[in-house]
Each structure stands twice: as C-alpha cells, then as structure tokens.
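In: Okay, structure incoming, though there's no sequence with it:
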C-alpha cells in the first residue's frame with residue numbers, strides 16, 4: 001500500500017492535467033476506503049473456489065440405439081434421469097431405419113463410428129420394426145424370413161453386438177414389444193427369436209419386452225398401469241408407439257432389469273429415487 005501511495009503522489013505532482021489529477025484522487029480515496037481485511041478475505045475466497053475439488057463424475061453412461069421405438073425409450077429414460085448428475089443417457093436413434101436397408105442407413109457402419117466417438121458403459125438396442133422386407137445381399141434379393149434371409153439378418157445382428165461389446169461393459173438387446181396388428185406381431189416374434197439367439201450366442205442380455213405390455217392372456221392392450229400404478233393409455237393410436245405415460249413406464253421397467261444385473265455384480269445401481277421424481 002505504501003508503494004501505491006508513493007506512485008500516486010508522484011503522478012499527481014508531475015501531472016498538469018487537472019481532469020487526470022481529479023480521477024486519480026478519486027481512485028486513491030476508494031483504495032484507502034477498501035479495508036485490508038476485506039481484501040485478504042476476497043483473495044482467500046478466490047483461491048478456495050479455484051482449488052475446490054471437481055464434482056463427482058457420471059457413474060453410468062447409457063447409450064440408447066435404434067429406431068423410433070428406441071427413441072420412445074430414450075424419451076422415457078431422459079425424463080426419468082433429467083437433472084441427475086450420476087446418470088447420462090446418450091441417444092443414437094434414426095426413425096424409419098433398420099438392419100435390412102443398409103443402402104439407406106448402414107447401422108453397423110454407423111455404430112462403429114458412434115462407439116469410437118462416444119464413451120458409454122451400457123448399451124441398449126431396440127430396432128427391427130422397419131425390417132419386415134427382403135434383404136439384398138451379394139447381388140441377390142433374399143426372401144423375408146427365408147433361410148438365407150434369416151442367416152444374413154442374424155449376421156448383421158451379430159456384427160452390431162460384437163461392435164458394442166468392445167465399447168460397453170454391458171449390452172442389452174431389447175425384443176420388439178407386442179403390437180396391435182396381428183400380422184406385425186407375428187413377424188415381430190420371428191425377429192425376437194433371432195435377437196434372442198444372437199444375444200445368447202454373444203453372451204449379452206436379451207430382454208423380452210412382450211410381457212411388459214400385454215394382457216394376462218397374452219393379448220395386446222393400449223392401456224395398463226403407469227409409473228404410479230394408475231391405469232393409463234400407454235400406446236398411441238397407431239398401436240405401436242408409446243404415449244408419454246407409456247414411455248416412462250417402459251423406461252422404469254428397463255431400469256429395473258438393469259438394476260438387478262448391477263446389484264448382482266455388486267455395482268452401483270441406477271438411483272430409483274429419480275423415478276419417483278419423474279413421476280411426480
């Protein structure tokens with residue numbers, strides 16, 4: 001402080017500009033009025049904030065991969081864990097795509113790039129609703145659900161699983177849920193057989209979503225208990241996609257399954273407290 005006063009006195013003595021002299025006098029008065037103790041406390045506070053330990057990082061980073069149904073699931077998970085610092089939900093979805101039309105959207109190539117560019121420890125895959133068509137492979141068109149078709153489709157599922165296993169600690173392949181159209185439901189069951197078979201072959205978790213939304217006698221219904229247990233409309237008018245209540249119910253059901261595995265492996269589970277927050 002003595003050095004500052006000396007410098008100011010010199011400037012005031014040498015300066016002939018009255019306006020500059022007045023500004024310096026005001027500045028000097030403010031400096032003298034600022035208590036030394038307050039200055040010391042301000043300095044200490046700034047240092048404390050700088051040296052404060054970083055906030056705990058994300059415990060679980062979950063990637064949701066697939067088509068519009070996967071996007072429904074992501075919406076539910078995003079709401080469930082919105083504002084939760086420990087859980088991060090990453091979305092990699094593309095509507096109206098699947099594993100059949102790789103000329104339109106090559107999922108296996110895109111997943112390789114996605115896995116290389118993003119870090120996640122849990123991957124959830126849900127797709128197949130748009131794959132009810134023939135496959136063009138090796139210059140030939142393979143008839144849907146034929147032997148050659150099933151083999152080629154299985155190889156594509158297998159490739160995706162292997163890619164995700166190199167990046168994720170755990171991979172969950174979700175089977176297609178029950179839908180209103182009986183024809184679609186029949187096809188979806190055939191897809192689910194392939195998903196289950198390839199999941200077991202690659203030692204990942206296959207999740208049968210069918211019984212999550214059917215009736216006691218195994219039939220389709222648009223209604224069911226929501227996250228609070230109240231009967232609500234869970235499926236949209238198309239008999240396929242989920243309502244807001246259905247998305248959240250779907251997310252909670254999937255989280256319960258993942259938590260059972262995490263608990264069995266003595267890992268930190270996905271906090272259930274946030275499920276109640278999302279419901280409220």
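Out: Yep, that arrived. What you are looking at is a predicted structure, and each value in this text was computed from that prediction instead of being measured.

In: Just to check, residue 208 is in contact with residue 173?
Out: No. Assessed by C-beta atoms under 8 Å, residue 208 is found out of contact with residue 173, at 10.5 Å. Every residue, glycine included, has its C-beta placed from N, CA and C.

In: Comparing the two, which residue is more hemmed in?
Out: Set side by side, residue 208 and residue 173 show more neighbours around residue 173, with 26 against 14, by other C-beta atoms under 10 Å.

In: Identify the bridge partners of the more buried one.
Out: Bridge pairing for residue 173 (DSSP bridges) gives the partners residue 125, residue 206.

In: Just the pLDDT at it, thanks.
Out: Residue 173 is assigned 98 on the pLDDT scale.

In: who's in contact with it?
Out: Contact analysis of residue 173 by C-beta atoms under 8 Å, 6 or more residues apart in numbering lists 125, 126, 157, 161, 195, 198, 199, 204, 205, 206, 207.

In: same question, residue 144
Out: Taking C-beta under 8 Å, 6+ apart, we find residue 144 in contact with 132, 133, 134, 135.

In: Tell me which helix or strand the second one sits in.
Out: Under the criterion DSSP states H and E, no helix or strand holds residue 133.

In: What count of nearby residues applies to it?
Out: Residue 133: 13 surrounding residues under other C-beta under 10 Å.

In: Need the phi and psi values for it.
Out: The phi/psi pair for residue 133 (degrees, to the nearest 10) reads phi -160, psi 170.

In: Any stretches of this protein with poor pLDDT?
Out: Low-confidence segments of the chain (pLDDT under 70): 1-57, 271-280.

In: Quick one: the helices in it, in order.
Out: Per DSSP state H, the chain carries helices over the ranges 2-14, 18-33, 36-51, 68-80, 107-117, 147-165, 182-201, 244-264, 273-279.

In: Residue 61 and residue 91 touch, don't they?
Out: No. Assessed by C-beta under 8 Å, residue 61 is found out of contact with residue 91, at 12.0 Å.

In: Between the two, point out the one with more neighbours.
Out: Under the neighbour definition other C-beta under 10 Å, residue 61 and residue 91 were set side by side, and residue 61 has more, 19 against 16.

In: Contacts only, for the more buried one.
Out: Counting by C-beta under 8 Å, 6+ apart, residue 61 makes contact with 87, 88, 90, 119, 120, 121, 122.

In: re earlier: please identify which of the contacts of residue 144 is nearest to residue 166.
Out: Closest to residue 166 out of the contacts of residue 144 is residue 135 (25.0 Å), distances taken as C-beta to C-beta.

In: what's the closest non-adjacent residue to that closest one?
Out: Closest residue to residue 135 apart from its sequence neighbours, by C-beta to C-beta, 6 or more residues apart in numbering: residue 142 at 4.5 Å.

In: Count the neighbours of the one you found for me.
Out: Counted with other C-beta under 10 Å, residue 142 comes out at 19.

In: pretty sure it is touching residue 133, no?
Out: No. Using C-beta under 8 Å, residue 142 is not in contact with residue 133; the gap is 10.1 Å.

In: Nearest residue to the middle of this structure?
Out: The chain has residue 89 as the residue nearest its centroid, 1.7 Å off, counting by C-alpha atoms, centre = their mean.
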